Structure formats: C-alpha cells, structure tokens
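Q: sequence and predicted structure are below.
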Amino acid sequence: MKVLVYGSINIDLTFMVDHIAKAGETIGSISIERSAGGKGANQAASLAKAGMPVYLAGKIGQDGRFLLDLLQSYGVNTDNVVEYEGSTGQALIQIDRNKQNAIVVYSGGNGKITTEEIERTIVQFGAGDLLLFQNEIIHTEELMQAAKKQGVKICINPSPYDKQVEALPLDMADIFFVNELEGMGMAGVPADTPYQAVMDALVKRFPDSEILLTAGKDGAYYGYRNIRERGTIMDVPVVDTVGAGDTFTGYYLAARYRNYPVAKALDIACRAASIAVSRKGAMEAIPFASEVFD
Ligand code: RIB
C-alpha cells in the first residue's frame, strides 16, 4: 500500500507571546522561530518518520525548497510537489504562556494547485493505495473524485473545518481524522457534548467510515459501526501543541499498516503525539519510529 498525502506545505513563523494579541493591540514576542509546517507536509513527515512509504503532492514557491530537503531527509517522496513562481504557504503562529495557540494561514502555493496536477498525480496510484488530504488546499472535491475513479481509499482530515468541508461528498470517505471542534461541527452537536456522544453522532452520520476523534488531554477515540476504542496520552510537560494532530494521524495509519489492532494503534499514535507536544515546532517535533514503537 502506498500513501499519497495531497496537502498543504507551509513555512511556519512562530511567536512565543504572553497572550494571544487582541484586536487593536500590539504586543511583543519572547522569541521567533521559522520552521517547517503545513498539515499535509506534517502528516507526510509523520508517516515517513513512522517508517511508511509516503508520497507528498502539493505546491511551493522557491522559498519553500528547504522544506523539500527536510521532507526528503525523512524519506518522503516529493516528486509530485510542484514549484511555481510565487510564495509557499505561510502560517503565522502565536503560542501563549498557557501553550494555547492561534494560527493565521496564507495559502500561497496550496491555493494554486490545479486539477491537471491532481490528475497527473492520482493516476500513479491505484486499488489498495490510500489518499490522505486536509482542508488547506483547493480542488479537494476533484481530488476525491479522481481518487475514487482509481480505486484509491480516501482519508480526510477536515481541518480547518468550514463550509467548504460540508460541500464535499463526505460519504465517499473511508476514514476521518477529526479533532474535537471538527468532530462537533460535523456531528452537528453543541459544544461540551461528551466525546462518546460526539462519536456516536459521527458514526450515525457516516455509517461506512472509520472515525478517529482526537480529544487533547482526553486522548483519542475510534468509532466504526458498533466498535468503540480509546487511546490515552502520556503525561508530559507541554511545550507546543502545533502539529500534534498531524503526528497522531501519521502514526495511527502507520501502526495500522503494520497490522497493529486499532486499540494498540491508538496508543502508539497518542504516544507519538505526546512526544511531539513536549517539543518545539510542528514537523521537526514529530518523533522517529524508534522513539515510539515498542
Ligand atoms: O497542523 C499544524 C499546521 O497547521 C502548522 O504546521 C501550520 O502550518 C498550519 O497549517
């Protein structure tokens, strides 16, 4: 099985601040870091660090070449990442003293992907392969239709969750990875609904899809038809939670690919995400397989 991640590739600019800036306010930053990110690139890096053969497709500008070097050093195949005359996606991240974050994303190349590029890429994959994408790129419906035509399984991380997500033919998804906000949005339940109830509502809405729901300190939940499983996180000092969900996604899929049962795969993915939050940055904080697998 080959995994194709069609997704965003970003340069993350992270400001450590006392509190997230309010409207009209100018605040100082304790530090600034430029690092590798983008949900697509992070998830591809997580899969590769976990030992999976993974192919990343997307679009960057010249300013993003260093991201490809890094991804390739992890073993990610980047042959389907196109370079164009413009800027790579950028994420402006504020992390406050409580490790809460706020992120502003400029789409850059992620918003310049064409349907021709999608067609050219997807024909390289077929039955038994898996497509994983997020909501930080354009033409996701065309991507889903092209994947279906090829017999490729579809895995969606609908992040960030917005109206565009609901316009997609979501019933075509084989697997969903959602966080609590995305899960509640898609389940159509009020905030503060208990996770098990969110999961039940998601399973009811998507009876043919496997659902992975990440829940921060509460770990992660799995639901498919009448099957329910749960994974727990490790107690670690939290430094930076950006990219924790991406780490979880890559490690969960990699563990399943290694034929670990769902419950064990959940624990492995939670362990990987726990290690990631104890380190700075998104992509570079993702642990390697030797740190995670027994
Ligand atoms: O999921 C984390 C990522 O979201 C960051 O790396 C940032 O680039 C944004 O896309």
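A: Good, I have the coordinates. Numbers count the residues shown, from 1 in each chain.

Q: which SSE is the residue most central in space within the chain in?
A: Nearest to the mean C-alpha position of the chain, by Cα atoms, centre = their mean, lies Asp246 at 3.7 Å. Assessed by DSSP states H and E, Asp246 sits inside helix 244-257.

Q: picking that back up, thought the residue nearest to the centre of the chain was touching Gly281?
A: No. Using Cβ atoms under 8 Å, Asp246 is not in contact with Gly281, being 11.6 Å away. The way it works is simple: take the backbone N, C-alpha and C, and place the C-beta from them, glycine included.

Q: which stretches of this protein form strands?
A: All strands of the chain, identified by DSSP state E, fall at 3-6, 10-16, 31-37, 54-60, 77-83, 89-95, 101-106, 130-134, 153-157, 175-179, 210-214, 220-224, 227-231.

Q: Thr193: which of these is closest?
A: strand 210-214 (11.4 Å; Cβ to Cβ).

Q: avg pLDDT for that closest one?
A: Strand 210-214 comes out with an average pLDDT of 98.

Q: contacting residues for the residue nearest to Met283 when sequence neighbours are not counted?
A: The shortest distance from Met283 to any residue other than its chain neighbours is 4.1 Å, reached at Ala36 (Cβ to Cβ, 6 or more residues apart in numbering). By Cβ atoms under 8 Å, 6 or more residues apart in numbering, the contact set of Ala36 is 10-12, 42, 45, 66-67, 70-71, 281-284.

Q: would you reformat the residues you listed as JSON lines and include neighbour count and distance to the ligand?
A: Output for these, formatted as JSON lines (neighbours: other Cβ atoms under 10 Å; distance: Cβ to the nearest ligand atom, whole Å):
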{"residue": "Asn10", "neighbour count": "33", "distance to the ligand": "4"}
{"residue": "Ile11", "neighbour count": "22", "distance to the ligand": "8"}
{"residue": "Asp12", "neighbour count": "25", "distance to the ligand": "5"}
{"residue": "Asn42", "neighbour count": "34", "distance to the ligand": "5"}
{"residue": "Ala45", "neighbour count": "32", "distance to the ligand": "10"}
{"residue": "Phe66", "neighbour count": "13", "distance to the ligand": "14"}
{"residue": "Leu67", "neighbour count": "26", "distance to the ligand": "11"}
{"residue": "Leu70", "neighbour count": "16", "distance to the ligand": "13"}
{"residue": "Leu71", "neighbour count": "23", "distance to the ligand": "13"}
{"residue": "Gly281", "neighbour count": "21", "distance to the ligand": "8"}
{"residue": "Ala282", "neighbour count": "29", "distance to the ligand": "4"}
{"residue": "Met283", "neighbour count": "28", "distance to the ligand": "7"}
{"residue": "Glu284", "neighbour count": "18", "distance to the ligand": "10"}
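
Q: which one of the residues you listed is nearest Ser31?
A: Using Cβ to Cβ, these come closest to Ser31 at Gly281, 11.9 Å.

Q: these two touch, right, that closest one and Asn42?
A: No. Counting by Cβ under 8 Å, Gly281 does not reach Asn42; the two are 9.8 Å apart.

Q: if I look at these two, which residues touch both of them?
A: What both Gly281 and Asn42 touch, as defined by Cβ under 8 Å, 6+ apart, is the set 36, 243.

Q: contacting residues around stretch 142-153?
A: Contact with stretch 142-153 is made by 4, 6, 115, 118-119, 122-123, 125-131, 133, 137, 154, 168-169, 172, 174-175, as judged by Cβ under 8 Å, 6+ apart.

Q: quick check: mean pLDDT across that stretch?
A: Averaged over stretch 142-153, pLDDT sits at 98.

Q: ditto for stretch 21-40
A: The average pLDDT for stretch 21-40 rounds to 97.

Q: beta partners of the closest residue to Gly281 other than its chain neighbours?
A: In this structure, Gly281 finds its nearest non-sequential neighbour in Ser35, 4.5 Å apart by Cβ to Cβ, 6+ apart. Legend: beta-bridge partners of Ser35 under DSSP bridges are Asp12.

Q: residue in the protein nearest to the ligand?
A: Distances between the chain and the ligand by Cβ to the nearest ligand atom are smallest at Gly37, namely 2.5 Å.

Q: which residues does that residue contact?
A: 10-12, 91, 242-243, 281-283.

Q: from Gln100, how far off is the spatially closest residue to it that is not a sequence neighbour?
A: Counting by Cβ to Cβ, 6+ apart, Gly37 lies nearest to Asp12, which is 3.5 Å off, once chain neighbours are set aside. Plainly put, Asp12 is 16 Å away from Gln100 if you go by Cβ to Cβ, to the nearest Å.
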